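Visitor: Sharing a model prediction with you, sequence too.
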Protein chains: 2
Amino acid sequence: MTEARTQRRVRGGGGAARRAERTAVRIETAPVIARNIPDFEILNAEALEIIEANAEIILEEIGVNFLDNPQALKVWREAGADVQGERVHIPHGLARKLCATAPAAFTQHARNPERNVEIGGRNLVLAPVYGPPFVRDRAGGRRYATMADFSNFVRLGYMSKWLHHSGGTVCEPTDVAVNKRHLDMMLAHMTLSDKPYMGSVTEPDRAADSVAMSRLLFGTEFVDEHTVITSLININSPLTFDSTMMGALEVYARAGQATIISPFIVGGAMAPVSVAGTLSQVLAEVLAGVAYSQLIRPGAPVIFGAFVTSIDMNSGAPTFGTPEAAKITYGAGQLARRLNLPYRSGGSFCASKLPDAQAAYESANSLNVALLAGVNFMLHACGWLEGGLVSSFEKFVMDADQLGILHHLAQGIDMSENGQAMDAIREVGPGGHFLGCAHTQANFKDAFWRSDLLDYKPFETWDEEGARDTQALAELRVAKLLGDYQQPALDIAVKEALQDYVARKKDSVPDAFV
Amino acid sequence: MTEARTQRRVRGGGGAARRAERTAVRIETAPVIARNIPDFEILNAEALEIIEANAEIILEEIGVNFLDNPQALKVWREAGADVQGERVHIPHGLARKLCATAPAAFTQHARNPERNVEIGGRNLVLAPVYGPPFVRDRAGGRRYATMADFSNFVRLGYMSKWLHHSGGTVCEPTDVAVNKRHLDMMLAHMTLSDKPYMGSVTEPDRAADSVAMSRLLFGTEFVDEHTVITSLININSPLTFDSTMMGALEVYARAGQATIISPFIVGGAMAPVSVAGTLSQVLAEVLAGVAYSQLIRPGAPVIFGAFVTSIDMNSGAPTFGTPEAAKITYGAGQLARRLNLPYRSGGSFCASKLPDAQAAYESANSLNVALLAGVNFMLHACGWLEGGLVSSFEKFVMDADQLGILHHLAQGIDMSENGQAMDAIREVGPGGHFLGCAHTQANFKDAFWRSDLLDYKPFETWDEEGARDTQALAELRVAKLLGDYQQPALDIAVKEALQDYVARKKDSVPDAFV
């Protein structure tokens, strides 16, 4: 994998040039994480077989609902399912068999080919928060999100080196009409970043707009032959597939574009309070959804999704970073691998209202689990706050910094001669120190992950500088990244075509805010 | 394992009694964590063999220093080592062979037998922060620790249900003479808590005082036959064993008391900058230390320790929660298991000056790794701040709350009929919800871990209540736990004997502050 780097270098001689180089803006994106460490397998083979058998029982005996979608019922009937009203009973083994045509891994192309990502296998692709109607920053507090906020989150994602993907609805731009905001969001991802992006799913027409705009950006032929969009298709758990989401799925699958088929589960409400029960239901739902995608177009790229939180049984509030969510994330990863499908789960999940210690405990718990669970695509990898109601500017850069830890941990342990460092131990000997030895001199620059945000200063220095907490440091980093931001170049004709498409579509219908 | 509960119940009839019971102070300690999940194995067999071979080369070729300790050199010579000056060269295989007499697991007894802990096997025992000269709380800021602070941390540990162990130097009581403070610290652990504790290691005499006071508490015969103290013996990495620490080790080993033999490594300073090199050095150091303990008394209980942080190569400051520390913690766990020794590592490590998001990210990273690394004894499990310079009251209760997650995650996934919850999925069906179903009603109380600290309230409620962050919530919890604290009962004669011992020893020598 190549490391993509874009640098603005200032020409000039001598000291001025060197100073300029030191202060030049470097917009660097790390390669996709290619795990060199094993997965954590919480379930043994017997447990996995029980869960898989239970999922088949759910599909055949209980069945799943495909609502307001006669065409889907017809497709299922023709495939051999027993359809009763809107209830689809899928015979034992049929869904799994249909899933077999889905690819184990696929490449999502970016307009900058250096930002292409391969989703599946041992890889982990990181994408930012998705969906919040509110934003929060330290200066302005909590407020409804606007298109200006949306653009700034896209810019921050572009500037975040550990983030591979520009994401989708990084926040809901509530100042734009509901039936038009997808156009502005797509345009922002396509023009303010050159990382891969997600498409709209809130109506099948909006999915079609996402494909049409992608054809303008990449060329029609390229889009017909390559995956350039990955979109989030939520299942209405338990066991329900609504026509809006399925309509969007159909558009993307027919166009050869990727979807994440993702049960959306608050444990205890949309699934049983037990982990094993939830896993059986998740598997049944994903089997049905992926099978349906393959009925639409065999070979369409799909991702096994699992969005799972616990519930606080006292208040009904969703909770994050919990041990139950961890167990489900680990278990679902095993189920996805046995289906030979890419796996989406994890994220910087938290319930906290502020980017404080609670938010960080909850998020770190989730991020650590996701790495070892074998997640291939992590949505919400940074910026999530308050149970997903809020996109936080400060938390975005705080989480994005932590993602560097996942990159480094995934590299595993270097067992080369240099990694074994026996010469260093010989050189230093008992009672010495390693700071100046030859091995340290040769390796120190790349030996340790280093935060671009956190405070490592001596107490006295930190105190003199204002005793800032993480949120205060993050506020400065947000300002710096947005200040350093430079829009990636884009062919002017392409840009105008996109702008024209958006303007035309916006003019064609009146605003709607529901 | 039994769940130890002490309750103050108010006698009385009818409603008054029920109200009293609901508000009664419950001092509950969870049983030791008995893992029902696998360990995460980051190294394959080949890598483990390379590291073990390198450790043998280090011991034989480079050797280790036993400083100012002629008796130790004599013991080593008699055991077959090649001693050159103070350098001990240990022939290939000798140290590992000597380690074989150390027990794979042992019980540390508490004065309340319900608090006994078995250290080793699949267990995880949690103990609080150890060593900081400063304390911090929200009201008073950062200041030198006093004996009053020390006592309050012991009380908090006693009141923390996920904490199994009272620990040792929960902070350094700097208002007591250096040569006498160990007496006050031991007395505090013995009288303010009934959980197991650690002994003094700062001089061999102080270790002897710890054993003598334990004999007063448990009875001489009991202490001769049982382990009632676990103490922390740091190795001066690289490869150096000083006479203070070895003197304390000798006292404890001879008395059949447990020690943690623990390299103290800031990576890049006390060990190579590479993970594999550090692991070889750690293993060599532990092999030498444990072997020495078994030369003192075969069968003396010992723990394979690994305290490892990275270094910020820009400033030289230690860093925590890093991917390099994670890799070493995972790898050292595998090495400990292959030696059949209990393993000590992990903790609520952080570099942050405040109990903020940085502290929580760093601590959560460390805690999650420690659980999956197979740690059997976790020192610093709560309260650690600022690289170990500060014991934080608020962070103590914040971390202690998170330890509940480790307890629940370690239980693994319940695959019973009830856990599979097929009846619930049948009952609810597609489109329903699980909140009211029979399975949820029967299981919701124990289904999910619930924080005793974190905020799950709706935004509006939280906002009206003052928009408190985690530190503010923790301040309230510290006050509540200290307010609810009740000293566990202790035989008055035993208490007087301990007080008398402390008074007599204090009177016997003048104060020393160095």
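Guide: All right, it came through fine. Residues are numbered from 1 along each chain as shown, chains lettered A, B, ... in the order given.
Visitor: Next, count neighbours for whatever residue of the stretch 401-514 of chain A ends up closest to chain B.
Guide: Residue nearest to chain B within the stretch 401-514 of chain A: residue A:421 (2.7 Å; CB to the nearest CB). (Each C-beta comes from the backbone N, C-alpha and C, glycine too.) By the measure other CB atoms under 10 Å in any protein chain shown, the count of residues near residue A:421 is 30.
Visitor: ditto for residue A:74
Guide: Other residues close to residue A:74 by other CB under 10 Å number 11.
Visitor: Confirm it sits in a helix?
Guide: Yes - the assignment for residue A:74 (DSSP: H, G, I helix; E, B strand; the rest coil) places it in a helix.
Visitor: Could I get the average pLDDT for stretch A:252-272?
Guide: Mean per-residue pLDDT for stretch A:252-272: 96.
Visitor: Would you mark the buried spots in that stretch?
Guide: Within stretch A:252-272, the residues scored as buried using 16 or more other CB atoms under 10 Å in any protein chain shown are A:252-253, A:255-272.
Visitor: mind listing what the nearest residue to residue A:345 once chain neighbours are set aside touches?
Guide: Leaving aside its sequence neighbours, residue A:345 sits nearest to residue A:306 (CB to CB, 6 or more residues apart in numbering or on different chains; 4.6 Å). Neighbour list for residue A:306: A:262-263, A:265, A:282, A:286, A:328-329, A:332, A:336, A:343-345 [criterion: CB atoms under 8 Å, 6 or more residues apart in numbering or on different chains].
Visitor: Likewise for residue A:41?
Guide: Contacts of residue A:41 by CB under 8 Å, 6+ apart are A:330, A:334, B:38.
Visitor: SS state for residue A:467?
Guide: coil.
Visitor: Neighbours of it, how many?
Guide: 14.
Visitor: Narrow the contacts of residue A:306 to those in strands?
Guide: A:262-263, A:265, A:343-344 (DSSP state E).
Visitor: I'd assumed residue A:83 was in a strand, is it?
Guide: Yes - applying three-state DSSP, one finds residue A:83 inside a strand.
Visitor: Could you give the residue of the stretch 151-300 of chain A that lies closest to chain B?
Guide: residue A:277 (2.8 Å).
Visitor: Leaving aside the residues adjacent along the chain, what's closest to that residue?
Guide: Closest residue in space to residue A:277, ignoring its immediate chain neighbours: residue B:421 at 2.8 Å, by CB to CB, 6+ apart.
Visitor: Same check on residue A:250?
Guide: Using CB to CB, 6+ apart, the closest residue to residue A:250 is residue A:296 (5.4 Å).
Visitor: What of residue A:160?
Guide: Nearest non-adjacent residue to residue A:160 (CB to CB, 6+ apart): residue A:400, at 4.2 Å.
Visitor: In this structure the one you found contacts residue A:380, no?
Guide: No - Residue A:400 is beyond contact range of residue A:380, at 11.9 Å (criterion: CB atoms under 8 Å).
Visitor: Could I get the full set of helices for the stretch 101-250 of chain A?
Guide: A:147-159, A:181-192, A:204-218, A:220-225, A:243-254 (DSSP state H, counting those that start in this stretch).
Visitor: so can I have CSV of those helices showing distance to residue B:351?
Guide: Below are the helices of the stretch 101-250 of chain A laid out as CSV (distance: least, CB to CB, whole Å):
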stretch, distance to residue B:351
helix A:147-159, 25
helix A:181-192, 34
helix A:204-218, 43
helix A:220-225, 47
helix A:243-254, 44
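Visitor: which residues touch the residue most central in space within chain A?
Guide: The residue lying closest to the centre of chain A (CA atoms, centre = their mean) is residue A:379, at 2.0 Å. When contacts are counted by CB under 8 Å, 6+ apart, residue A:379 touches A:127-130, A:167, A:232, A:260, A:344, A:347.
Visitor: Just the buried residues of stretch A:448-455, please?
Guide: A:448-451, A:453-455.
Visitor: what's the spacing between it and its chain's center?
Guide: 22 Å (CA atoms, centre = their mean, to the nearest Å).
Visitor: Do any residues in that stretch lie close to chain B?
Guide: Yes - Stretch A:448-455 reaches chain B (CB under 8 Å from any CB of the partner chain) through A:448-451, A:454-455.
Visitor: possible to save those as TSV with secondary structure, distance to residue B:174 and pLDDT?
Guide: Formatted as TSV, these follow (DSSP: H, G, I helix; E, B strand; the rest coil; distance: CB to CB, whole Å; pLDDT from 0 to 100):
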residue	secondary structure	distance to residue B:174	pLDDT
A:448	coil	33	94
A:449	coil	35	95
A:450	coil	33	93
A:451	coil	31	96
A:454	coil	28	97
A:455	coil	25	96
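Visitor: and which of the residues you listed is nearest to residue A:94?
Guide: Distance to residue A:94 across the residues of stretch A:448-455 next to chain B (CB to CB) is lowest for residue A:449, with 46.5 Å.
Visitor: Could you pull out the strands in the stretch 1-150 of chain A for me?
Guide: A:4-7, A:26-29, A:33-34, A:64-66, A:82-84, A:87-89, A:105-108, A:117-120, A:123-126, A:134-137, A:141-144 (DSSP state E, counting those that start in this stretch).
Visitor: Find the least confident helix or strand in chain A, judged by mean pLDDT.
Guide: The weakest-scoring helix or strand in chain A, judged by mean pLDDT, DSSP states H and E, is strand A:4-7 (a mean of 35).
Visitor: what residue ranges in chain A are flagged as low confidence?
Guide: Applying pLDDT under 70 to chain A flags residues A:1-26.
Visitor: if we go to 50?
Guide: A:1-24 (pLDDT under 50).
Visitor: Spatially, what comes nearest to residue A:502 if we skip its sequence neighbours?
Guide: residue A:183 (4.4 Å).
Visitor: what's the closest residue to residue A:488 other than its chain neighbours sitting at in phi/psi?
Guide: In space, and not counting its chain neighbours, residue A:488 is closest to residue A:194: 4.3 Å by CB to CB, 6+ apart. The phi and psi values for residue A:194, taken as degrees, to the nearest 10, are phi -120, psi 20.
Visitor: Distance from the lengthiest helix in chain A to the middle of the chain?
Guide: Criterion DSSP state H: the longest helix present in chain A is helix A:275-296. Distance, stretch centre to chain centre, for helix A:275-296: 20 Å (CA atoms, centre = their mean).
Visitor: what sits against residue A:466?
Guide: residue A:472.
Visitor: Okay, it and residue A:472: tell me how far apart.
Guide: 8 Å (CB to CB, to the nearest Å).
Visitor: likewise residue A:316?
Guide: For residue A:316, the distance to residue A:472 - CB to CB - is 34 Å.
Visitor: Is there a neighbour count for residue A:152? I'd like the number.
Guide: 24.
Visitor: shouldn't it be in contact with residue A:482?
Guide: Yes - at 6.2 Å, residue A:152 counts as touching residue A:482 under the criterion of CB under 8 Å.
Visitor: what touches both of the two?
Guide: Common neighbours of residue A:152 and residue A:482 (CB under 8 Å, 6+ apart) do not exist.
Visitor: Which of the helices of the stretch 101-250 of chain A sits closest to residue B:425?
Guide: Nearest to residue B:425 among the helices of the stretch 101-250 of chain A is helix A:243-254; the distance by CB to CB comes to 21.0 Å.
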